[in-house]
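Chemist: Here's my sequence, what's the structure:
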Amino acid sequence: MTKPLRVLILADDCNPEWPSLPVVGYKAARAIADHAEVTVATHVRNRPNLERAGFGRAQVEYIDNEYIARGMYKLNTLLRGGTEVGWTTHIAMNYPSYLAFEWEVWRRFRAQLEDGEFDIVHRLTPMSPTLPSYIAGETKVPFVLGPINGGLAWPTGYAPERSREKEWLVKLREAHRWLPYYRSTFDNSALILSAFKHTLADLPESARARAVNFPEVGIDADLFHAPQARARGPLTFLFAGRLVPYKLPGLPIECFARSAALRQHKLVIVGEGPEREAMERRIAEENLGGCVQLLGRRPQAEVGELMRKSDVFVFPSIRELGAGVVAEAMASGMCCVTPDYGGPAELLANGRGVKVPMGPPAELTRNFTQALERLAASPAEIRSCSEKGRHYAESMLTWDVKARFIVELYQRVLDGRGLPQQPFSPMQERRAA
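Modeler: Numbers count the residues shown, from 1 in each chain. Below you'll find the predicted structure:
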């Protein structure tokens, strides 16, 4: 019997009850632990929720860097005016805290790493390519970075949205390449899991031969799966996500406002955020209360149930790096509609959904309206997209499938074999690489 690989996973963001990256880190690490002997080093703040939820077969070590992290979090929140916007500021302010986290991990595990007690070190989170690793330049154990996702430019014509997102530091983003440990992170990574074309293009040229296109998004098949059959009758269009400027959550409302054909159907919006008040005003101004419903924030299980009862997922986000919610909608058998830009556009390639041409706000709204009207008149197109999207999500994006592929890549690194260079594609194509 082959001895399982021994893996030290670095995942400061790893929490089953926190949305976005923390829950992605948790589910990814837990799935990898089903196929390898895993120890997860994570932040002490995650302890209560991890102990309540359990961590499968993974062993956990809690790392305390609160001597820096506590103050930096307070300053970060103050500069951003909360936690909803200012993502670039959030990442920049995390730099000292994250280096302190890895320094504490190195102190805890240095002897074990030098004694050969681990085969692989995998920095799973944070997933930003702008936050370097201290340990990558210290350990002799093969170091795996990612999945990382970043480098997607703001599209032209959305300066007001960028301002409301408080993305003032985005103009200085390239300064991260001069940060201490940035070069050593990429020079010493034996494998870089890099999500989508925009991240691959953002990597140092010297690192690209060690990079594999690997999206960070994944599917919890217990929560997101297709129904046996959908009810006939008027369609339900669904938006789910934070109601923040760059996701354009008000755009579907504008589509319904300008289309009598769409108002024969229903629009359901799930989520909370600073855009909600303006959206409520717009619904009232256009007298859309009979066909548009704002549900607020809902638990993941309820979102999955809403997806199984809906037909078309409308997600007009203009700067979406990964879009886990799109993958979840695909797995739930929905026909997804997104801009032809960023991570969602790659998820919906080859007829797996509808990609709307990108453009400035008025043009994008017009393009979305036309696409939704076309779908409302074409049940066959909805079925075709939903079937292709569901098959891709089920065969490629469940956490178990992704964990198996990661462990396969670990073994390739240790054996000195080449890495598959093609985009994240069906398993049989990868194995032929």
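Chemist: So for the longest helix seen in the chain, what gets flagged as buried?
Modeler: Across the chain, the longest stretch assigned as helix under DSSP state H is helix 95-114. Residues 95, 97-106, 109, 113 are the ones in helix 95-114 that count as buried (16 or more other C-beta atoms under 10 Å). From N, CA and C alone the C-beta is placed, and that goes for glycine too.
Chemist: Put together TSV for the residues you listed, with pLDDT on each row.
Modeler: Output for these, formatted as TSV (pLDDT from 0 to 100):
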residue	pLDDT
95	93
97	95
98	95
99	95
100	96
101	97
102	97
103	97
104	97
105	98
106	98
109	98
113	98
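Chemist: so the spatially most central residue of the chain, which of the three states?
Modeler: In the chain, the residue lying closest to the centroid (C-alpha atoms, centre = their mean) is residue 322, at 4.2 Å. When classified by DSSP: H, G, I helix; E, B strand; the rest coil, residue 322 comes out as coil.
Chemist: Read off the pLDDT value for it.
Modeler: On pLDDT, residue 322 comes in at 85.
Chemist: now swap in residue 425 and tell me
Modeler: The per-residue pLDDT of residue 425 was computed as 52.
Chemist: And for residue 74?
Modeler: The per-residue pLDDT of residue 74 was computed as 89.
Chemist: let's have the chain start at 551 instead
Modeler: All right, first residue 551 from here; so that's residue 624.
Chemist: Give me the distance between it and residue 731.
Modeler: 25 Å (C-beta to C-beta, to the nearest Å).
Chemist: Please say which of those two ends up with more neighbours.
Modeler: Between residue 624 and residue 731, counted using other C-beta atoms under 10 Å, the more crowded position is residue 731 (19 against 10).
Chemist: so who does that one touch?
Modeler: By C-beta atoms under 8 Å, 6 or more residues apart in numbering, the contact list for residue 731 reads 649, 682-684, 686-687.
Chemist: where along the stretch 751-900 of the chain do the helices fall?
Modeler: 801-807, 826-835, 850-859, 874-881, 892-897 (DSSP state H, counting those that start in this stretch).
Chemist: Which among these is found nearest to residue 574?
Modeler: helix 874-881 (6.6 Å; C-beta to C-beta).
Chemist: which residues are contacting the closest one?
Modeler: By C-beta under 8 Å, 6+ apart, helix 874-881 touches 570, 574, 765-771, 773-776, 788, 790-791, 853-854, 857, 863, 865, 870, 886, 888, 893-894, 897-898, 902-903, 939-940, 942-944, 947-948.
Chemist: Any of those residues buried? List them.
Modeler: Here, 16+ other C-beta under 10 Å leaves 574, 765-770, 773-776, 788, 790-791, 853-854, 857, 863, 865, 870, 886, 888, 893-894, 897-898, 902-903, 939-940, 942-944, 947-948 buried among these.
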